[in-house]
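**Q** Predicted model and sequence follow; I will ask about them next.
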Amino acid sequence: MKKDPAMQIQDYWVFGEYGGVNPSIEDASTFTFLSAEKMQELFQHEVEGCFLYSRHLNPTVHYLAQSLALLEDTESAQITSSGMAAISCAVLQICSAGDEILSSRTIYGGTYALFKNFLPKFNINTTFVNFLDLEEVRNAITPRTKILYTEAISNPLLEVANIPELSKIAKEHNLTLIVDNTFSPMILQPHKLGADIVVHSLTKFINGASDCVGGAICANHDFVVNLKDVHFGAAMLLGPTMDSIRAAGILKNLRTLHIRIKQHSKNAQFIAEKLTEMGFRVFYPGLPNHPQHELMKQMMNLDYGFGGMVTFDCKTPQTANSLMLKMQENKVGYFAVSLGFYKTLFSAPGLSTSSEISPEEQERIGLSPGLVRMSVGLDNHIEETWERILKSIREVCPEKA
Ligand SMILES: *Cc1c(COP(=O)(O)O)cnc(C)c1O
């Protein structure tokens with residue numbers, strides 16, 4: 001087996017009087033060699049401890065990769081320049097023309113557009129089914145299916161995937177189960193639950209600062225070595241590389257992820273309960289009436305709560321939009337897409353991040369046009385934030401006053 005040098009990276013971190021508490025940033029695109037043979041060897045296969053060129057491997061970026069592998073308990077990881085790059089590289093490394101993906105129908109809009117509109121150009125086609133119905137998943141597998149694709153907690157309806165059962169189905173049919181864990185880092189560890197590959201958008205909770213875009217593919221050594229193969233690797237050849245300076249920044253933010261996730265979850269649970277009391281239809285896995293509440297409790301690392309995302313239904317897009325603008329005015333947070341920021345962010349998925357999904361399809365999957373998706377921030381006094389939300393609701397929906 002070829003070794004992934006990322007896993008030996010700590011060997012290059014200077015420790016002692018010259019070593020910083022954070023690894024130094026390897027500010028280089030290319031690396032020096034002392035022998036012609038060594039360079040030639042590196043073009044044939046990975047050589048432990050050698051770096052060639054930063055699109056292939058950079059010590060700082062691979063330090064981040066190692067941390068992501070530890071986070072997801074996989075042997076290795078590949079860092080990419082965005083979450084979409086992680087998803088597209090993972091999928092393209094596995095599928096050839098003629099192959100099929102079997103995907104959950106409630107996924108991030110960008111992933112949906114990639115599968116539905118872009119990959120068919122290469123004769124890679126996707127069937128979308130309701131992944132909560134395992135019979136439906138089984139029945140949709142064909143001899144050409146290669147991948148089962150789902151989000152651990154789905155965007156924006158916050159459905160929770162039954163990863164252990166999906167893993168069984170994948171194993172029975174020799175498929176690769178890919179799980180996007182962007183909404184639930186630390187809370188769920190899909191690989192431990194049976195997923196083969198875990199993908200992340202580092203842009204969201206993991207970096208947590210809304211100042212950059214990044215992604216990761218957490219998988220076994222062989223898959224990661226294949227991804228950066230000089231001749232056949234999707235990450236190497238499509239080239240979605242992360243810069244070392246950015247990787248160092250994300251690595252530092254990753255250090256506080258456990259504390260942030262607990263606070264996001266605590267605040268989101270509070271808001272979800274308050275909105276429920278007011279009679280809104282609320283989607284949050286931490287609510288006892290959530291259809292997968294018990295399943296989630298069985299799968300999760302209990303210390304971290306049920307996550308920072310809450311979705312609720314304002315019935316019409318007009319109400320949703322007025323409420324979001326009012327909440328911004330009342331300093332609840334920002335009317336913006338994305339998630340995992342220290343401030344609360346809100347958007348209407350039907351009109352923004354899920355707009356790639358047609359209105360008919362949105363209706364079929366239960367995506368109401370009045371949904372508001374909130375990424376609840378790190379507020380220390382969430383009761384105060386709730387007062388501001390309440391004020392906004394009363395101003396926009398007088399019937400709730
Ligand atoms: C944002 C997001 C992505 C895409 O990540 P980028 O970093 O924006 O490319 C993929 N999946 C989910 C669930 C996301 O929220």
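**A** It's in. Numbers count the residues shown, from 1 in each chain.
**Q** Thr142 and the ligand: what is the separation?
**A** 25 Å (Cβ to the nearest ligand atom, to the nearest Å). C-beta coordinates here come from the backbone N, C-alpha and C atoms, glycine included.
**Q** which residues sit in contact with that residue?
**A** Glu100 (Cβ atoms under 8 Å, 6 or more residues apart in numbering).
**Q** Which strands and helices lie in contact with the helix ranked longest in the chain?
**A** Taking DSSP state H as the criterion, the chain has its longest helix at helix 257-277. Judged by 3 or more Cβ pairs under 8 Å, 6 or more residues apart in numbering; DSSP states H and E, the packing partners of helix 257-277 are strand 281-283, strand 309-313, strand 371-375, helix 382-396.
**Q** With distance to Gln263 and mean pLDDT added, can I get these in JSON lines?
**A** JSON lines is the format used below for these (distance: least, Cβ to Cβ, whole Å; pLDDT from 0 to 100):
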{"stretch": "strand 281-283", "distance to Gln263": "20", "mean pLDDT": "96"}
{"stretch": "strand 309-313", "distance to Gln263": "14", "mean pLDDT": "97"}
{"stretch": "strand 371-375", "distance to Gln263": "13", "mean pLDDT": "96"}
{"stretch": "helix 382-396", "distance to Gln263": "9", "mean pLDDT": "97"}
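**Q** and those, which is most packed in?
**A** Comparing the helices and strands packed on helix 257-277 by mean neighbour count (mean count of other Cβ atoms under 10 Å), strand 371-375 ranks first with a mean of 26.
**Q** which residues touch that strand?
**A** Counting by Cβ under 8 Å, 6+ apart, 155-156, 204, 264, 268, 271, 308-314, 320, 323-324, 333, 338-341, 344-350, 353 sit against strand 371-375.
**Q** Now the helix or strand harbouring Val61: average pLDDT?
**A** Take DSSP states H and E as the rule and Val61 turns out to sit in helix 59-72. Averaged across helix 59-72, the pLDDT comes to 96.
**Q** And whichever residue of the chain sits closest to the ligand, its phi and psi?
**A** Using Cβ to the nearest ligand atom, the closest approach of the chain to the ligand is made by Gly83 at 2.3 Å. With angles defined as degrees, to the nearest 10, Gly83 sits at phi -60, psi -40.
**Q** dump the residue contacts of it.
**A** 108, 110, 180, 182, 199-204, 213-215.
**Q** Report the buried residues of the helix or strand of the chain with the lowest mean pLDDT.
**A** Of all helical and strand segments in the chain, the minimum by mean pLDDT, DSSP states H and E falls on helix 359-364, at a mean of 81. For helix 359-364, the neighbour count (16 or more other Cβ atoms under 10 Å) marks Gln362 as buried.
**Q** now do stretch 181-196
**A** Those would be 181-191, 193-196, for stretch 181-196 by 16+ other Cβ under 10 Å.
**Q** Kindly report the same for stretch 230-250.
**A** 230, 233-236, 240-244, 246-250.
**Q** How far off centre is it?
**A** With Cα atoms, centre = their mean, to the nearest Å as the basis, stretch 230-250 stands 17 Å off its chain's centre.
**Q** Just the C-alpha atoms of that stretch, please, in CSV.
**A** Extracted C-alpha coordinates of stretch 230-250, given in CSV (Å, rounded to 0.1, in the frame of the first residue of the first chain):
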residue,chain,number,x,y,z
VAL,A,230,-0.1,12.6,-10.5
HIS,A,231,-1.6,10.6,-13.4
PHE,A,232,-5.2,9.8,-12.3
GLY,A,233,-6.1,11.9,-9.3
ALA,A,234,-9.2,14.2,-9.4
ALA,A,235,-7.7,16.5,-6.7
MET,A,236,-4.4,16.7,-8.5
LEU,A,237,-5.7,17.1,-12.0
LEU,A,238,-8.8,19.2,-11.5
GLY,A,239,-6.6,21.3,-9.2
PRO,A,240,-8.9,22.7,-6.4
THR,A,241,-5.9,23.4,-4.1
MET,A,242,-6.0,25.3,-0.8
ASP,A,243,-3.3,27.8,-0.1
SER,A,244,-1.1,27.1,2.9
ILE,A,245,-1.7,30.5,4.5
ARG,A,246,-5.5,29.9,4.4
ALA,A,247,-5.0,26.3,5.7
ALA,A,248,-3.1,27.6,8.7
GLY,A,249,-6.0,30.0,9.5
ILE,A,250,-8.6,27.3,9.3
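**Q** my read: Asn125 touches Ala97, true?
**A** No: applying Cβ atoms under 8 Å, one finds Asn125 not in contact with Ala97, separated by 10.0 Å.
**Q** Pick out whichever of the two has more residues nearby.
**A** Asn125 (16 against 9; other Cβ atoms under 10 Å).
**Q** and the closest residue in space to that one that isn't next to it in sequence, how many neighbours does it have?
**A** Spatial nearest neighbour of Asn125, excluding adjacent residues (Cβ to Cβ, 6 or more residues apart in numbering): Glu100 at 5.4 Å. Using other Cβ under 10 Å, Glu100 has 21 other residues around it.
**Q** Glu100 contacts Pro120, doesn't it?
**A** No: counting by Cβ under 8 Å, Pro120 is not a contact partner of Glu100; they are 10.6 Å apart.
**Q** Show me what from the stretch 51-200 of the chain comes close to the ligand.
**A** Ser82, Gly83, Met84, Tyr108, Gly110, Thr111, Glu151, Asn155, Asp180, Thr182, Phe183 (Cβ under 6 Å from any ligand atom).
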